[in-house]
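> structure for the following, please:
(chains A, B, C and D)
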There are 2 protein chains.
Amino acid sequence: MPVSSKPAPAVEEVDTSYLETLVGYNATRASLKVIELFSKRMAVYDLRHVDFSILSLITHNPGITSRQLCGALSILPPNLVGKIVTLEKRKLVHRKPHPQDGRAVGLYLTDAGEALMRDAEGTAVDLETEATQRLSAAEKKTLMRLLQKIYR
Amino acid sequence: MPVSSKPAPAVEEVDTSYLETLVGYNATRASLKVIELFSKRMAVYDLRHVDFSILSLITHNPGITSRQLCGALSILPPNLVGKIVTLEKRKLVHRKPHPQDGRAVGLYLTDAGEALMRDAEGTAVDLETEATQRLSAAEKKTLMRLLQKIYR
DNA sequence: TATTGTTATACTCTATAACTATA
DNA sequence: TATAGTTATAGAGTATAACAATA
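I've put the predicted structure just below:
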């Protein structure tokens, strides 16, 4: 055996075991995987996942304000403005003055917006089923509960 | 009771129950929550979460190539270049020719990089404990397993 | 012909400061 | 004085095309 140092070995298979002990890593990878599928399936509606979340919250909270949307989705107000403007230009959303607060504006879906979201929410359910096909119903329920324990 | 339409009601509390039925939504919110804490705790090392993942993979896979890093972390090659250059300028990483493949370059931590990662990986474990403090050890283990079922 | 690493580039996302109008 | 919505802008993240060197 020579005393000289061995040549640097090549990495055959990447060892990710340390990263896989971290919730942050696992949650991020799972999130990206679902969003990737989401983007593909929602392309027909020309909706990004944040747009979908915005429209979905307006669907279930007609009259919601920009501030409330920002709070619920952790979006900063300046970054929401452009999205709302775009959705309004597409005639999916319209704005009405807030009944009590003159500073605020209530957001509503148009008929076209409602029709689109009926389709899109159905597609979302389908795609979620596909993304979680390796999980049983009980496992899926458990996963939701544990994730909510982290962010709530 | 007047026949005229009632004024638009204000939304008191935002109903997020539909979004909370979606794994994508839950995983993304949990991911963002952990990354937020991660960013705060890792600020002392001037490491973003992707930089940490890169250094961690080099730690546990000395000689790993850029391509392998890209594959393991779902980063596109052009977007990795700048990060490696920065880590090299900071003397945390150095590059050596790949022993078999003349096109490729093996990545290694410097002594300073190893010292930093010993501290940073400890900090990561602490911060993960904090982020998952509402989960039991068994729940945490279950969560990891279920998340991996989604992205693997 | 295919792959590694790279440059250039465009688009999106995220973040901060500052303004206006209303409360 | 505080808050809702907005503008401007800077920085970080993500995407595609194309090239040189090597396999």
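> quick one: secondary structure of the residue in chain A positioned nearest to DNA strand C?
Among all residues of chain A, residue A:102 sits closest to DNA strand C, at 2.5 Å; criterion: CB to the nearest atom of the strand. Quick note: C-beta positions are derived from backbone N, CA and C, even for glycine. Residue A:102 falls in the coil class when you classify it by DSSP: H, G, I helix; E, B strand; the rest coil.
> could you list the low-pLDDT ranges of chain A?
Using pLDDT under 70 as the threshold, the predicted model of chain A has low-confidence ranges A:1-8.
> can you give me the strands in it?
Listed in chain order, the strands found in chain A under DSSP state E are A:93-97, A:105-109.
> now the first one: how far from the chain's centre is it?
Taking the mean of its C-alpha atoms, strand A:93-97 sits 24 Å from the chain's own mean (CA atoms, centre = their mean, to the nearest Å).
> close enough to count as contact, residue A:148 and residue B:21?
No. Taking CB atoms under 8 Å as the contact criterion, residue A:148 and residue B:21 are not neighbours in contact, 11.1 Å apart.
> can you tell me which residue sits nearest the middle of chain A?
Note on chain A: the residue nearest the mean C-alpha position is residue A:49, at 4.7 Å, using CA atoms, centre = their mean.
> stretch A:54-66 near chain B anywhere?
Yes. Stretch A:54-66 comes into contact with chain B (CB under 8 Å from any CB of the partner chain), by way of A:56, A:57, A:59, A:60, A:61, A:62, A:63, A:64, A:65.
> so for that stretch, what gets flagged as buried?
Within stretch A:54-66, the residues that qualify as buried by neighbour count (16 or more other CB atoms under 10 Å in any protein chain shown) are A:54-66.
> quick check: residues of chain A near DNA strand D?
Contact residues (CB under 7 Å from any atom of the strand) of chain A with DNA strand D: A:65-68, A:77-78, A:80-81, A:84-85, A:98, A:101, A:103-105.
> filter the residues you listed down to the buried ones.
Taking 16+ other CB under 10 Å as the criterion, what is buried in the residues of chain A next to DNA strand D is A:65, A:66, A:68, A:80, A:84, A:98, A:104.
> which pair in those spans the largest distance?
The distance between the two most remote of these (CB to CB) is 16.0 Å, for A:80 and A:98.
> isn't residue A:15 right up against residue B:59?
No. Taking CB under 8 Å as the contact criterion, residue A:15 and residue B:59 are not neighbours in contact, 9.9 Å apart.
> quick one: the helices in chain A?
When secondary structure is read from DSSP state H, chain A shows helices at A:23-42, A:49-60, A:66-73, A:77-89, A:111-131, A:137-151.
> I'd like the distance from the fourth one to the chain centre, please.
When you say that, I think you mean helix A:77-89. Between the centre of helix A:77-89 and the centre of its chain there are 17 Å (CA atoms, centre = their mean).
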